[in-house]
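Peer 1: Mind looking at a prediction? Sequence and model below.
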Amino acid sequence: MDADGLTPQKQFQEHFFTCASRGDVKTIEDVLQQGTVKIDATNDHGWTALMFAARTGQDKVVRLLLDHGCDTTVMNKSCQTAADIAAFWNHTAVLTELEKKGQTSDSQPQNFCNYFGYNPLDRYAHKRKDEQWLEEKLRDQSTVILLFHDLGLVVTKGEKLAAQSRATQPCHFTFKDTSALFEELGTEKILLFLGLGRLQPDKTDGPSPPTSDKEEHLPAWFALDVTSISQEKILSIKEGLEIASSPFPGLFQLPEKEAGIVAQARSLLAWHQRYKFCPTCGSAAAVEEAGYKRRCQKEGCPSLKGVHNTSYPRTDPVVIMLIVSQDGKKCLLGRGKRFPGRMYSCLAGFMEPGETIEDAVRREVYEESGVRVGRVQYHSSQPFPLPASLMIGCLGYATSETISVDKEELEDAQWFTRQQVAEVQTGAPLPTDALTNPRAEGPSFFLPPAQAIAHQLVKAWLRMSPNL
Ligand SMILES: NC(=O)C1=CN([C@@H]2O[C@H](COP(=O)(O)OP(=O)(O)OC[C@H]3O[C@@H](n4cnc5c(N)ncnc54)[C@H](O)[C@@H]3O)[C@@H](O)[C@H]2O)C=CC1
Ligand SMILES: [Mg+2]
Ligand SMILES: [Mg+2]
Ligand SMILES: [Mg+2]
Ligand SMILES: [Zn+2]
């Protein structure tokens, strides 16, 4: 410690923040390259380098930090993100940089994109029936093939980068790498055509719209189900492979720009795994349209006439909602019976047929907590590949307060004050055993991680009136 009582690490960090405020791009670049300070490190008020640069309008520093993958969604202890700070101080150049990453201030609302929500592929659905085109694409050198074994993605073992916690790298195979697998699978294989596109290192604002025939030259993406092939054979294709068998935490550790592609593939494969037979008559059903259809093989089956949704992949709408108390000062969170550690989250539930989103929110909240809800406001959605839900995120405004917990589904439900929630949301990172050990040190409750839509709903509520 020096005379100011700061450890050398803290001194580095303070210097890093000062350089961000001053626009010292060169020093910031050096520090990031040497890795002496973590890019999303915070000071005692929860401020990151990105926030300091946003405060003083240093758009070049902001761009550099964004290019190095900093987290734009971090909030300081006043519940502000870098975008809120830039908007408040009217630094438009900084806001433009943040908007390119899909991060905006609430004063300029845009659609919020959740983890699993961004998908860079053009699905190119009009080519799903063109078998010759698909065969040619499959064999193209630029084509990317993802392999799934019993819904577990084949990944490249990487060093766990603690700073980024994005440690699951999907392995990109070519047809050449996998030709022996194709031979072994024969004609009975499940091969999905996912679309055309490229992972762009610094672009997360959606694919460019198809304009000319040029997009035909973009890499094609396929997913192949290799469940019937031995794990040894799959792992011997290349060095350093592993199969991410349990879905979590792996599915939450994918590079954000690829998570949507993995979700698309996994949900479709889960449908094939569960719907092997025609749901109408129980006969065998053959895979068609590059994995997007299963056609019943029995002549005369009603599913062959007209439009039958049983032939197409399903996705289950789920409402997930943060309920705000009548005075606006508290929110309602619950603890599912199987939740890890001391986690509390938004209430959620499957939509039922013939129900609006608003009514599903009101019904599920009443069933699970006894609280009545009036106005419902849509926030954002999230495809969730377990196995194929679409989480519809809402804010709901309570018209009653008394809680009566449905003990069949929840262990507990409580009103939490803004301050309680802000503390866990913007506080120190959780101890590593917090998810598994109920006696782990740390706060009395915690929220799901940033990849979960529940986290983003809580954040949206906190940001509605940040302390500026
Ligand atoms: N990220 C988060 O913070 C949270 C996420 N969730 C997710 O939301 C989803 C729905 O939430 P729940 O509270 O479980 O729903 P829920 O409150 O409707 O209760 C679940 C029950 O609904 C029935 N159900 C009705 N339709 C179903 C369907 N299509 N698939 C499966 N079960 C169905 C089953 O009996 C099931 O046990 C789950 O997949 C869960 O993983 C739930 C709570 C928090
Ligand atoms: Mg529920
Ligand atoms: Mg339900
Ligand atoms: Mg329920
Ligand atoms: Zn049938």
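Peer 2: That came through, no problem. Here the structure is a predicted model, which is why all the values come from computation and not from measurement. Ligands and ions are numbered 1, 2, ... in the order given.
Peer 1: Do any residues in the worst-scoring helix or strand of the chain on mean pLDDT lie close to ligand 1?
Peer 2: Lowest by mean pLDDT, DSSP states H and E among the helices and strands of the chain is helix 418-426, with a mean of 88. No. If you take C-beta under 6 Å from any ligand atom as the test, helix 418-426 misses ligand 1, and the best it gets is 13.9 Å. (Each C-beta comes from the backbone N, C-alpha and C, glycine too.)
Peer 1: does whichever helix or strand comes after that helix come close to ligand 1?
Peer 2: Next in sequence after helix 418-426, counting helices and strands by DSSP states H and E, comes helix 453-463. Yes. Applying C-beta under 6 Å from any ligand atom, one finds helix 453-463 touching ligand 1 at Ala454.
Peer 1: And the helices in the stretch 151-300 of the chain, which stretches?
Peer 2: In the stretch 151-300 of the chain, the helices defined using DSSP state H, counting those that start in this stretch lie at 175-185, 231-235, 256-274.
Peer 1: Name the stretch among the ones you listed that sits most buried.
Peer 2: Compared across the helices of the stretch 151-300 of the chain, helix 256-274 shows the largest average neighbour count, a mean of 21 (mean count of other C-beta atoms under 10 Å).
Peer 1: Show me how the protein divides into domains.
Peer 2: As recorded under automatic domain parsing, the domains making up the chain are 8-100, 125-274, 276-312, 316-463.
Peer 1: for the most centrally placed residue in the chain, what are its contacts?
Peer 2: With distances taken as C-alpha atoms, centre = their mean, Tyr115 lies nearest the centre of the chain, 1.8 Å away. Neighbour list for Tyr115: 252, 256, 259, 382, 450-452 [criterion: C-beta atoms under 8 Å, 6 or more residues apart in numbering].
Peer 1: how about TSV for the residues you listed, with distance to ligand 3 added?
Peer 2: Converted to TSV, the contacts of Tyr115 look like this (distance: C-beta to the ion, whole Å):
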residue	distance to ligand 3
Phe252	24
Glu256	30
Ala259	26
Gln382	18
Ala450	26
Gln451	23
Ala452	19
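Peer 1: still on that earlier bit, which elements pack onto the least confident helix or strand of the chain?
Peer 2: Contacts defined by 3 or more C-beta pairs under 8 Å, 6 or more residues apart in numbering; DSSP states H and E place helix 418-426 against strand 330-336, helix 453-463.
Peer 1: Now do the contacts for Leu134.
Peer 2: Leu134 is in contact with 127-128, 193, 290, counting by C-beta under 8 Å, 6+ apart.
Peer 1: In this structure Met343 contacts Pro449, no?
Peer 2: No. With contact defined as C-beta atoms under 8 Å, Met343 does not reach Pro449; the gap is 9.6 Å.
Peer 1: now the residue in the chain positioned nearest to ligand 2, which residues is it bridged with?
Peer 2: For the chain and ligand 2, the shortest gap (C-beta to the ion) falls at Gly349, measuring 4.0 Å. Beta-bridge pairing of Gly349 under DSSP bridges involves Val319.
Peer 1: And for it, the neighbour number?
Peer 2: Counted with other C-beta atoms under 10 Å, the neighbours of Gly349 add up to 17.
Peer 1: Contact partners for it?
Peer 2: Residues near Gly349 by C-beta under 8 Å, 6+ apart: 318-319, 360, 363-364, 367-368.
Peer 1: most neighbours, which of the residues you listed?
Peer 2: Counting by other C-beta under 10 Å, top hit in those: Val319 with 29 neighbours.
Peer 1: returning to that earlier point: among the contacts of Gly349, which are in helices?
Peer 2: 360, 363-364, 367-368 (DSSP state H).
Peer 1: where along the stretch 1-150 of the chain do the strands fall?
Peer 2: 144-149 (DSSP state E, counting those that start in this stretch).
Peer 1: go on, the stretch 251-400 of the chain?
Peer 2: Going by DSSP E, counting those that start in this stretch, the stretch 251-400 of the chain shows strands at 285-288, 293-296, 316-324, 330-336, 347-350, 373-384, 389-398.
Peer 1: Summarise which helices and strands the first one is packed against.
Peer 2: In terms of contact count using 3+ C-beta pairs under 8 Å, 6+ apart, strand 285-288 is assigned the packing partners strand 293-296.
Peer 1: State the mean pLDDT of the strand it packs on.
Peer 2: On average, the pLDDT along strand 293-296 is 96.
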